[in-house]
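Colleague: Next come a sequence and a model predicted from it.
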Amino acid sequence: MMKDLAFIAGQFALQGTLEQVVPLGAGLINDSFKVITREPEAPDYVLQRINHAIFRDVDLLQANIFAVTGHIRQKLEARGEEDIDRKVLTFLRMPDGKPYYFDGENYWRVMRLIPRAYTYETVNEKYSAHAGEAFGAFQQMLADLPATLGETIPDFHNMEFRLKQLREAVAADPVGRVKEVQEYIDEIGKNATEMCKAERLHREGRLPKRICHCDTKVNNMLFDEEGRVLCVIDLDTVMPSFIFSDYGDFLRSAANTGEEDDRDPDRVGFDMDIFRAFTRGYLRSARSFLTPVEIENLPYAATLFPYMQCVRFLADYINGDTYYKIAYPEHNLVRTRAQYTLWKRAEALLPEMQAFIEACLAG
């Protein structure tokens, strides 16, 4: 296997002599590998197998990534930044210019390994503030990207589409579960118009789509030895979306005082300290390009994403658990209940969120 991987890595324009290929990352066995070169001055690399079951248009995926990383590099160069190779991901092409290698079954890509870089799983106020500033800066740098990016996962954060999926699941009721979850269906339906506000504002020409990361987590940033953010990573989901995608989805996971699938709803709450830290960092870097409509609806985004995830878990439960992996028969129902609780707890804090954002902007 490692011999085959060495052959695949060798299809790209590597600097230095390829010496060894070893697994990289405990959670990504057989998906990511470290390519070690012999010469001390030559960079090491990361070889990745692209998950083309999820990202079906690999050409579009790689075109997005090259457009984004190239634009960020230009911005860093224009600012006179030092050590740029550690502040943006660098993907390689094959000698014929192709941005991936296809072995007849799988698609592969190679990027430079950023040395002396670290990721963290910790979600606290410090790292939430770093995340807010980093993802805001990421959006800011891409606000004038001339290339047109495609959706690597179509309708990924489209609330109207997710509600359509739920309605179809309810109408089909393939395993007879609708009756037991009618309370959630009714409450979701009552709030559908408000929660589809983003799509409505966009159609009215009042809310732009921007280039967003769409998977904002603390561990999707690299830090240097001093704890400073180097760059945003894991760019597969970078695509056009509303800025709410990056803002709201981070808070859905980071500000939840419980687990995504917490069996005890009493443990689920919305942590305003995390909200304040992330929002302060985000506005510090993003306020220069955000429109008044975007800023006004940031609290809405904090409620939108638990609502959206509640809808997705509920639809999967009604469909008989065909999408999300489950550990026990009621797992998706438990997830639905936990996200429903988070949505309601966040909703109760909307005035407090609005007041904090106004104070940030005034300060």
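Modeller: Alright, I've got the coordinates.
Colleague: how close does Asp234 get to Gly25?
Modeller: 11 Å (CB to CB, to the nearest Å). (C-beta placed from N, C-alpha, C; glycine too.)
Colleague: neighbour count winner among these two?
Modeller: Of the pair Asp234 and Gly25, Asp234 is the one with more neighbours under other CB atoms under 10 Å, namely 15 against 12.
Colleague: tell me which element the more buried one is part of?
Modeller: Asp234 belongs to no helix or strand when assigned by DSSP states H and E.
Colleague: Apart from its neighbours in sequence, what residue is nearest it?
Modeller: Asn220 (4.6 Å; CB to CB, 6 or more residues apart in numbering).
Colleague: what's near enough to touch the one you found?
Modeller: His213, Val232, Ile233, Asp234 (CB atoms under 8 Å, 6 or more residues apart in numbering).
Colleague: Are any of the residues you listed buried, and if so which?
Modeller: His213, Val232, Ile233 (16 or more other CB atoms under 10 Å).
Colleague: Pipe those residues into TSV and attach distance to Asp273 and pLDDT per row.
Modeller: Below are the buried ones among the contacts of Asn220 laid out as TSV (distance: CB to CB, whole Å; pLDDT from 0 to 100):
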residue	distance to Asp273	pLDDT
His213	23	96
Val232	23	95
Ile233	26	95
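Colleague: nearest to Trp108, of those residues?
Modeller: Taking CB to CB as the measure, Ile233 is the one of the buried ones among the contacts of Asn220 closest to Trp108, at 17.8 Å.
Colleague: which ones are touching that closest one?
Modeller: Leu89, Thr119, Asn220, Met221, Leu222.
Colleague: Now a ChimeraX select for only the buried ones of those residues.
Modeller: The buried residues among those can be selected in ChimeraX (16+ other CB under 10 Å) with this line:
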select :89,220,221,222
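Colleague: Spatially, which two of the contacts of Ile233 are the most separated?
Modeller: Most distant of these, by CB to CB, are Leu89 and Thr119, 13.4 Å apart.
Colleague: chain center to the helix or strand encompassing Val110, what's the gap?
Modeller: If you go by DSSP H and E, Val110 is part of strand 107-112. Relative to its parent chain, strand 107-112 has a centroid offset of 20 Å by CA atoms, centre = their mean, to the nearest Å.
Colleague: try stretch 150-159
Modeller: That offset, for stretch 150-159, works out to 12 Å (CA atoms, centre = their mean).
Colleague: what comes up buried for it?
Modeller: Glu151, Thr152, Phe156, His157, Asn158, Met159.
Colleague: of these, closest to Phe102?
Modeller: Of these, the one sitting nearest to Phe102 (CB to CB) turns out to be Thr152, at 17.5 Å.
Colleague: so the closest one, which of the three states?
Modeller: When classified by DSSP: H, G, I helix; E, B strand; the rest coil, Thr152 comes out as coil.
Colleague: for it, what are its contacts?
Modeller: Phe55, Asp57, Leu60, Leu61, Asn64, Asp236, Thr237, Val238, Met239.
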